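# Sequence first, then the predicted structure:
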Amino acid sequence: MTVRTRMAPSPTGEYHIGGMRTLLYNYALAKKHNGQFILRIEDTDRERFVEGAMERLIRVIKDYGFSWDEGPEVGGPHAPYIQSERLDIYKKHALELVEKGHAYYCFCTKERLEELRESQKAQGKPTTKYDKHCLSLSKEEIQEKLNSGIPYVIRLNVPENNTVVVKDKILGEITFPTNDIDDQVLLKSDGYPTYHLAVVVDDHLMEINYVLRGMEWLPSTPKHILLYKAFGWDLPIYAHLPLLKEKGGTQKLSKRMGSVAATEFLAEGYLPEALNNFLMFLGWNPGTEKEIYSLEEFINDFSIEKVGKTDLVSFDRDKLLWYNGYYIRQLSAEELFNRLSAWSEKHNIKLYEGAVDNEYVIKVTSLVQERLKTLKEFTEVTEYFFREPKVDQTLLVKQTGSKEKSEDILNSYLNLYSSINKADWTAEFLDEKSHELLKEKEYKPKEAFMTIRVAVSGETATPPLFEVLTLLGKEKTLMRIKQHLSN
RNA sequence: GGCCCCGUCGUCUAGCGGCCUAGGACACUUGGUUUUCAUCCAAGAGAUCGCGGGUUCGAUUCCCGCCGGGGUCACCA
């Protein structure tokens, strides 16, 4: 059996990072078994539809490094893959169910439904349900209402006093009494299907045999199973994934704690491979101590059996940061530079001031690489390489404790560096000479080098000093030191 | 509230009856490398396995109850 999985997002806003995790698992499962991964757009809610959301959705999925075997843009044997283009299919199937007696027309107004719910609540019923009022309508009555154009929906006729067993690959067998299941609307009055009808019909037609989705869908799975049975179709294999929560709390991912949209993480300078690696472990783990995973390795090692049952998984932003730093460090300076360039262009963020050649930027990149946790940090960490730094005089003096001492050090090193030929201006040579002077003048390494560091960069934390001076060049180094001398 | 799911270091988890005086990673602390920061290396601290009953020679692992957390109860997905 060919494994076919899908991700079916709704174009109602920005794609959530949790959705990307679900997509990743679906993708990996299909690829592991040389099956197909399908992308389907579930745009059946016209009220929540957001213009351009579908395009952005497709964009971000690609940006994370995924592709689909069937779906929008690429097509496939079961096209179209956009639900709003499949309306006749859903209607036909809804009618088929009516024909078979598994569904029925309902002409109840929203007002009546509202009143019904109110009265059920007033009666202290634990849960509100549709009362099957329209199920008792005769064929003639239905036809009459249909003819006079009264709006209708089609509801699933849930059998009473029965049970539905959900066989979940992760959770095991879960039994739901049918009496707890509402007669779900399948076809809305605007002719669009509800999610429940659309998923089942499409998943069947598109031959999806593994459904991996978030835990929030578990309670509606019995409805879907009822539908499969009503149609006489084979069930897919279900697996409900743990939900994501903010670390430390019990609440869902929150904007207040940071990004939640998949695209925001990219804009903040996270690498797709780091993001994906992080996402892999949100509910799954290989059972070994391996934790660095490429997408290929994940595809190889992934299995539903290894997905945990924990209902809430913490989205640990610190760990994400660690992964990102790790992946940044793995890149060569050139690769990192290319990533940086592409990223700044895409997100319209200026990496540095002024016009310099790439050669220089690559050298800067290599110096700060192991200090970077996100691409975004590049700019603030490298400012002094691209423009004259603003040096806080208090900070400068603080390195020695007295203005005289600071000036003495700066003077000594100014003289030393002035005497060094441009040809000898290398980190090794500067290091050697600087230490010689240190001995001669009996400066403490820390106060001497920190003074120069601050004078030249305005920062107390930089890459190794002589590397910085080398990159800056003789002229700039002398100029920056000179600025702090009174005469 | 009804129904359903879940419950191991701060966090993500390993564990599928004895290998556990509970392992790894992130975060944290300390030490080493070092002129700073970061990296890297080493060490350390951190979990009476939610609680209470069983079952068993033996329970983190199996069963029940309780408590706690979560999900869901729409013509939204």
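Ah, there it is.
# only C-alpha atoms for contact and neighbour calcs from this point on.
OK.
# quick one: average pLDDT of the host helix or strand of A:L321?
Per DSSP states H and E, A:L321 falls inside helix A:317-330. The average pLDDT within helix A:317-330 is 95.
# What's opposite A:I82 in the beta bridge?
A:I41 (DSSP bridges).
# what about it, how many residues close to it?
19 (other CA atoms under 10 Å).
# show me what contacts it?
A:I82 makes contact with A:R40, A:I41, A:E42, A:D43, A:G71, A:P72, according to CA atoms under 8 Å, 6 or more residues apart in numbering.
# ok, now which ones touch whichever residue of the stretch 101-250 of chain A sits closest to RNA strand B?
As assessed by CA to the nearest atom of the strand, RNA strand B sits closest to A:E216 within the stretch 101-250 of chain A, at 3.2 Å. Contacts for A:E216 (CA under 8 Å, 6+ apart) come out as A:L243.
# So which bits of the helix or strand hosting A:L416 are buried?
Here A:L416, judged by DSSP H and E, is contained in helix A:403-418. Going by neighbour count (16 or more other CA atoms under 10 Å), the buried part of helix A:403-418 is A:K405, A:S406, A:E407, A:I409, A:L410, A:N411, A:S412, A:Y413, A:L414, A:Y417.
# which residues are contacting that helix?
Defining contact as CA under 8 Å, 6+ apart, one finds that helix A:403-418 is touched by A:396-397, A:399-400, A:433-434, A:437, A:448, A:451-452, A:474, A:478, A:481-482, A:484-485.
# mind redoing it with 6 Å?
A:V397, A:T400 (CA atoms under 6 Å, 6 or more residues apart in numbering).
# anything in that helix sitting right up against RNA strand B?
No: judged by CA under 7 Å from any atom of the strand, helix A:403-418 stays clear of RNA strand B, getting no closer than 13.6 Å.
# Dump that helix to PDB, restricted to CA.
Only the C-alpha atoms of helix A:403-418 are listed here, as PDB (Å, rounded to 0.1, in the frame of the first residue of the first chain):
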ATOM      1  CA  LYS A 403      42.300  58.800  32.200                       C
ATOM      2  CA  GLU A 404      46.100  59.200  32.300                       C
ATOM      3  CA  LYS A 405      46.600  55.400  32.300                       C
ATOM      4  CA  SER A 406      44.300  55.000  29.400                       C
ATOM      5  CA  GLU A 407      45.900  57.700  27.400                       C
ATOM      6  CA  ASP A 408      49.300  56.200  28.200                       C
ATOM      7  CA  ILE A 409      48.300  52.900  26.900                       C
ATOM      8  CA  LEU A 410      46.700  54.300  23.800                       C
ATOM      9  CA  ASN A 411      49.700  56.400  23.100                       C
ATOM     10  CA  SER A 412      52.100  53.500  23.400                       C
ATOM     11  CA  TYR A 413      50.100  51.300  21.100                       C
ATOM     12  CA  LEU A 414      49.600  54.100  18.700                       C
ATOM     13  CA  ASN A 415      53.300  54.400  18.400                       C
ATOM     14  CA  LEU A 416      53.800  50.700  18.100                       C
ATOM     15  CA  TYR A 417      51.100  50.200  15.400                       C
ATOM     16  CA  SER A 418      52.300  53.300  13.500                       C
END
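# quick one: that helix to chain centroid distance?
51 Å (CA atoms, centre = their mean, to the nearest Å).
# what's the following helix or strand after that helix?
Assignment by DSSP H and E places the next element after helix A:403-418 at helix A:427-441.
# tell me which strands and helices that next one is in contact with?
Packing partners of helix A:427-441 (3 or more CA pairs under 6 Å, 6 or more residues apart in numbering; DSSP states H and E): helix A:465-472.
# Helices of the stretch 101-250 of chain A, residue ranges please.
Ranges of helices within the stretch 101-250 of chain A are A:110-122, A:139-147, A:195-205, A:221-231, based on DSSP state H, counting those that start in this stretch.
# what comes up buried for the longest one?
This means helix A:110-122. For helix A:110-122, by 16+ other CA under 10 Å, it's A:L116, A:R117, A:Q120.
# Make JSON lines from the residues you listed and add distance to RNA strand B to it.
Shown next, in JSON lines, are the buried residues of helix A:110-122 (distance: CA to the nearest atom of the strand, whole Å):
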{"residue": "A:L116", "distance to RNA strand B": "10"}
{"residue": "A:R117", "distance to RNA strand B": "7"}
{"residue": "A:Q120", "distance to RNA strand B": "11"}
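# So which of those residues is the closest to A:Q369?
Nearest to A:Q369 among those is A:R117, at 60.5 Å by CA to CA.
# so where do the strands sit in chain A?
Per DSSP state E, chain A carries strands over the ranges A:4-7, A:36-39, A:103-106, A:153-156, A:163-168, A:172-177, A:185-187, A:210-214, A:237-241, A:243-246, A:312-315.
# Among the contacts of A:I82, which one sits closest to A:L295?
A:G71 (21.0 Å).
# what residues does the stretch 1-150 of chain A put near RNA strand B?
Residues of the stretch 1-150 of chain A lying near RNA strand B (CA under 7 Å from any atom of the strand): A:8-10, A:42-45, A:48, A:107-110, A:126-129.
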